[in-house]
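Asks: Let's see this in three dimensions:
(chains A and B)
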Amino acid sequence: MPAPAPLHLAAEIGGPPHDDTGRLVRLARTAEEGLLDFVTLADSFGGPGPDALGALARIAPETGRIGLVPTVTTTHTEPFHVQAGVATLDWVSRGRAGWRVDVSTSAAENRLVGRRETLGPAAAWAEAGEVAEVSRLLWDSWEDDAEIRDTSTGRFVDRDKLHYVDYRGTAFGIRGPSIVPRPPQGHPVTVVDASAAVSRDTAARHADVALLRARTAEEAAALGADLRARAAAHGRDPGALRILATLVVDLGDGPAASAPDGGHFGGSPAELADLIARWHAGGAVDGFHLVPLAPDTGLARFTRGTVAALRERGLFRDRYEDTTLRGHLRLARPASQYATTGGVS
Amino acid sequence: MTAGPTRPRKQIHLAAHFPGVNNTTVWADPRSGSQIDFASFVHLARTAERGLFDFFFLAEGLRLREHKGRVHDLDVVGRPESITVLNALAAVTDRLGLAATVNATFNEPWELARRLASLDLLSGGRAAWNVVTSSDAFTGENFRRGGFLDRADRYTRAAEFVAAARALWDAAGEGPRSFAWSGDHFAIAGESAPPRSPQGRPVVIQAGDSDEGREFAASAADIIFTRHGTLEAGRAFYRDVKRRLPGYGRREEDLKLMPGVTVVLGDTDADAQERAAEIRRQQISPQNAIHALELVWGRDLSAYDPDGPLPAVDPDPESALVQGRVRHADPFEAAARWRALSEEKGLSIRQTVIETTSRQSFIGTPSTVAAAMTEFVERDAADGFILVPHLTPGGLDDFVDTVVPLLQERGVFRTRYTGTTLREHLGLAGTGVEGLTA
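Replies: The predicted structure follows:
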């Protein structure tokens, strides 16, 4: 009998108050004590609090193993800056960085830049895919062993191992190479929320982790099968795509609101463990991305109640077996595309 | 004899520069560590904080430098993105200011104002922004918009960028947080200002020496980051910049002049001079000497012997040999100066480059260096210094252990942090420049 697929768990730590750094540190540490794969921090281009990438960089040295996944929007930002920032988060966290790719389609956010036509969701998601693609090219633009420090020839790098990406997209072009040496994970983990149909193809092409909302295990399985089929159609190994169901959870600690579009759970920590075990055993999803309605109390209830119950059943890790986010997710560290193809510099 | 009331001595401000992608950094030294591992940044930042420095300073790169159409490989290549590293350093330091160099040409005011206000919030009021601009299409090839600007436009854009960022920072806090900015370069509006900055506004640093740069600094900067060779040159620059301040309704103490300097210490002054000469030889390897020559001449001079005489050919002023760095404004003048120096002193190519590219340095025993730094500041050639070590990450250890205590004994440097924010360390008013409308 094959061993059951490992269960992956992640949690959102965002929401007000936005200006309390100590709170973010506490929440990330709670998630780490629960041995979760990663935490997400929601954000938008016009977000009210500190930018999510900056906030997770701030808490990186105060945590040791947990993956750190800020939301980064791609519509108004410069792709070159975005990839450099995410690569740098990977350096300062020693291989624990991801990014949740998002778009910005509101007129209000557009006015913050004041220069661009407002993009519709389809165009914005297509562009987000281009940003994800060029980011991977730029992360690969330094081969892992490019730094040589050869004192005999006076050369710090082997420039044959630095590559121009010469990317030409619909809205931007980038020459490269990146300014940042290849990050510890090779590619920081790309996360895409595939709940909305408009984002699904971008997720299938570019995501390492796809998030989706579903009301039932059957619905989750159907959406997941669709994603994997699309991934395969794009020439990817569908088994290298991790699919996590996003659940807004109310563990008896917050206002009993219902989530706008399904994916809402209300009940006890033990009941949530039952649900997670059931969905996962049926193969519907690889894991769950929990969004506690009240993170300050809900996250601890989740880790001490639900996660502990899952661990007792042997369904979840009892220690971190790896130091990187890719390791937690059992995703291979990719080789540089240039190293494997021997692309010209 | 009774001591009369004494005027408090002018205090020195100190900052640390992370060694970067230029030939100041001696990567070939066996003590030289990683330029990218976070541990290197932690070591240098904590050393600076142990030394009660005002701030830690990071440069920026937007494209790898090229020479003869290929990536320049003789100096350190690559670095992390500044603001992200500084956010992480905020976790491992308590008081040290955190200064990021960020280009105003290839960014937009809302996004950058928010990122800087975030750094200020996440560090408890320690953020600074070193405003730089770019005018070359070479760098622009990595950016989707903005492209490049001509020299005049990039300063007007930078000035408007800073003014717009200030309007955004000022909109945070009390009352409705909506804002609007309309100018020649930006027309932006919103209902949500960036997060409230504990300093009111992050500290603004301006680097550069041109007349436009000085005027920009006088109008909008809290610190000017300069380079100048001698005490007299420093005093002239200091007078020139400070006298521009009243025109903007500002006081002399509202703008701090902090030149970038190197320090070489020894047990005796002669020992320190010997070490300094050895460091210069490390910085100017034979390959780097030819490279420096090619930067002036704009020609391939790889066939020349670095230990031989300067080339007899003239520079090529139209050359596109060099990309991603500033060329000499007048290569013929520079070449003539180099030749004169070489002939007068009988110097080889490498020796000439070593002589002509020397930076402002304090060389001597800790006591000699402390006295010289004090003199520079007391005679108004500077308000302090940005130290540029040649080693990563241990390059400031000796300075902090030996020179800082001597400055403290002299009463010209703090013995503890008295404030929590960078503005407080610098003795700047709460929200920077007052009386200046956006």
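Asks: Show me the shaky parts of chain A.
Replies: Chain A contains residues with pLDDT under 70 at A:1-3, A:253-262, A:340-345.
Asks: which one's the longest strand in it?
Replies: strand A:242-250 (DSSP state E).
Asks: just checking, what packs against that strand?
Replies: Strand A:242-250 sits against strand A:8-12, strand A:209-212, helix A:217-233, strand A:264-266, helix A:269-281, strand A:287-292, with contacts defined as 3 or more C-beta pairs under 8 Å, 6 or more residues apart in numbering or on different chains; DSSP states H and E. To be clear about C-beta, it is placed using only N, CA and C from the backbone, and glycine gets the same treatment.
Asks: Residue in the stretch 101-250 of chain A with the shortest distance to chain B?
Replies: residue A:172 (3.0 Å; C-beta to the nearest C-beta).
Asks: And the strands in the stretch 1-150 of chain B?
Replies: Listed in chain order, the strands of the stretch 1-150 of chain B (DSSP state E, counting those that start in this stretch) span B:13-17, B:55-58, B:66-67, B:70-71, B:97-103, B:127-132.
Asks: who does the last one pair up with?
Replies: Yep, that's strand B:127-132 we're talking about. The strands that strand B:127-132 pairs with in its sheet are strand B:97-103 (parallel), strand B:203-207 (parallel) (by DSSP bridges).
Asks: Check the strands of the stretch 1-150 of chain B for me and report the most buried one.
Replies: Of these, the one with the most neighbours on average (mean count of other C-beta atoms under 10 Å in any protein chain shown) is strand B:55-58, at a mean of 28.
Asks: which other helices and strands contact it?
Replies: strand B:13-17, helix B:38-50, helix B:82-92, strand B:97-103.
Asks: related to what we said a few turns ago, tell me the angle of the longest strand of chain A relative to helix A:217-233?
Replies: Interaxial angle of strand A:242-250 relative to helix A:217-233 (axes from the mean of the first three to the mean of the last three C-alpha atoms, to 10 degrees): 150 degrees.
Asks: Just give me how far strand A:242-250 sits from the chain centre.
Replies: 13 Å (C-alpha atoms, centre = their mean, to the nearest Å).
Asks: same check, this time on stretch B:323-341
Replies: The chain centroid and the centroid of stretch B:323-341 are separated by 22 Å under C-alpha atoms, centre = their mean.
Asks: all helices for chain A, in order.
Replies: A:21-33, A:52-59, A:79-92, A:107-113, A:121-140, A:197-206, A:217-233, A:269-281, A:295-301, A:308-312, A:325-329, A:337-341 (DSSP state H).
Asks: burial measure for residue 292, as a count.
Replies: Picked chain A for this. For residue A:292, the count of nearby residues is 24 (other C-beta atoms under 10 Å in any protein chain shown).
Asks: that's the other chain; I wanted chain B
Replies: Applying other C-beta under 10 Å, we find 23 residues neighbouring residue B:292.
Asks: That one belongs to a helix, doesn't it?
Replies: Yes. The assignment for residue B:292 by DSSP: H, G, I helix; E, B strand; the rest coil puts it in a helix.
Asks: which residue packs closest to it, ignoring adjacent ones?
Replies: Distance criterion C-beta to C-beta, 6 or more residues apart in numbering or on different chains; nearest residue to residue B:292, sequence neighbours excluded, is residue B:353 at 4.5 Å.
Asks: list the contacts for that neighbour?
Replies: B:284, B:288, B:289, B:292, B:293 (C-beta atoms under 8 Å, 6 or more residues apart in numbering or on different chains).
Asks: TSV for these, including pLDDT?
Replies: Shown next, in TSV, are the contacts of residue B:353 (pLDDT from 0 to 100):
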residue	pLDDT
B:284	94
B:288	92
B:289	94
B:292	91
B:293	91
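Asks: Neighbour-wise, which one of these leads?
Replies: Busiest of these [other C-beta under 10 Å] is residue B:289, holding 25 neighbours.
Asks: how near is it to chain A?
Replies: 10 Å (C-beta to the nearest C-beta, to the nearest Å).
Asks: So that residue: helix, strand or coil?
Replies: helix.
Asks: helix or strand right after the least confident helix or strand in chain B by mean pLDDT?
Replies: In chain B, the helix or strand scored least confidently by mean pLDDT, DSSP states H and E is strand B:322-323, which has a mean of 72. Note on strand B:322-323: by DSSP states H and E, the next helix or strand toward the C-terminus is helix B:331-345.
Asks: in that next one, what counts as buried?
Replies: For helix B:331-345, the neighbour count (16 or more other C-beta atoms under 10 Å in any protein chain shown) marks B:331, B:334, B:335, B:338, B:342 as buried.
Asks: could you dump those residues to a markdown table with pLDDT?
Replies: Below are the buried residues of helix B:331-345 laid out as a markdown table (pLDDT from 0 to 100):
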| residue | pLDDT |
| --- | --- |
| B:331 | 87 |
| B:334 | 89 |
| B:335 | 92 |
| B:338 | 93 |
| B:342 | 94 |
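Asks: Looking at those, spot the one nearest residue A:72.
Replies: The nearest member of the buried residues of helix B:331-345 to residue A:72, counting by C-beta to C-beta, is residue B:331 at 43.3 Å.
Asks: That closest one contacts residue B:313, doesn't it?
Replies: No. Between residue B:331 and residue B:313 there is no contact under C-beta atoms under 8 Å: 11.7 Å.
Asks: overlap in contacts of the two?
Replies: The contact lists of residue B:331 and residue B:313 share residue B:297, where a contact means C-beta under 8 Å, 6+ apart.
Asks: Can you add distance to residue B:92 and give the helices of chain A back as JSON lines?
Replies: Supplementary listing: the helices of chain A in JSON lines, determined by distance: least, C-beta to C-beta, whole Å:
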{"stretch": "helix A:21-33", "distance to residue B:92": "13"}
{"stretch": "helix A:52-59", "distance to residue B:92": "10"}
{"stretch": "helix A:79-92", "distance to residue B:92": "10"}
{"stretch": "helix A:107-113", "distance to residue B:92": "32"}
{"stretch": "helix A:121-140", "distance to residue B:92": "25"}
{"stretch": "helix A:197-206", "distance to residue B:92": "33"}
{"stretch": "helix A:217-233", "distance to residue B:92": "40"}
{"stretch": "helix A:269-281", "distance to residue B:92": "34"}
{"stretch": "helix A:295-301", "distance to residue B:92": "25"}
{"stretch": "helix A:308-312", "distance to residue B:92": "32"}
{"stretch": "helix A:325-329", "distance to residue B:92": "21"}
{"stretch": "helix A:337-341", "distance to residue B:92": "33"}
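Asks: Would you mind giving these as CSV with mean neighbour count and distance to chain B added?
Replies: What follows is these, written out as CSV (neighbours: other C-beta atoms under 10 Å in any protein chain shown; distance: least, C-beta to the nearest C-beta, whole Å):
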stretch, mean neighbour count, distance to chain B
helix A:21-33, 20, 5
helix A:52-59, 28, 4
helix A:79-92, 27, 4
helix A:107-113, 18, 4
helix A:121-140, 22, 9
helix A:197-206, 22, 18
helix A:217-233, 17, 27
helix A:269-281, 19, 31
helix A:295-301, 21, 18
helix A:308-312, 17, 29
helix A:325-329, 24, 16
helix A:337-341, 15, 14
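Asks: So, low pLDDT: which residues of the stretch 1-150 of chain B?
Replies: For the stretch 1-150 of chain B, residues meeting the criterion pLDDT under 70 lie at B:1-7, B:135, B:145-150.
Asks: do that again at 50, thanks
Replies: The stretch 1-150 of chain B contains residues with pLDDT under 50 at B:1.
Asks: one step back: can the strands paired with strand B:127-132 go into CSV with extra columns for distance to residue B:422?
Replies: What follows is the strands paired with strand B:127-132, written out as CSV (distance: least, C-beta to C-beta, whole Å):
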stretch, distance to residue B:422
strand B:97-103, 3
strand B:203-207, 5
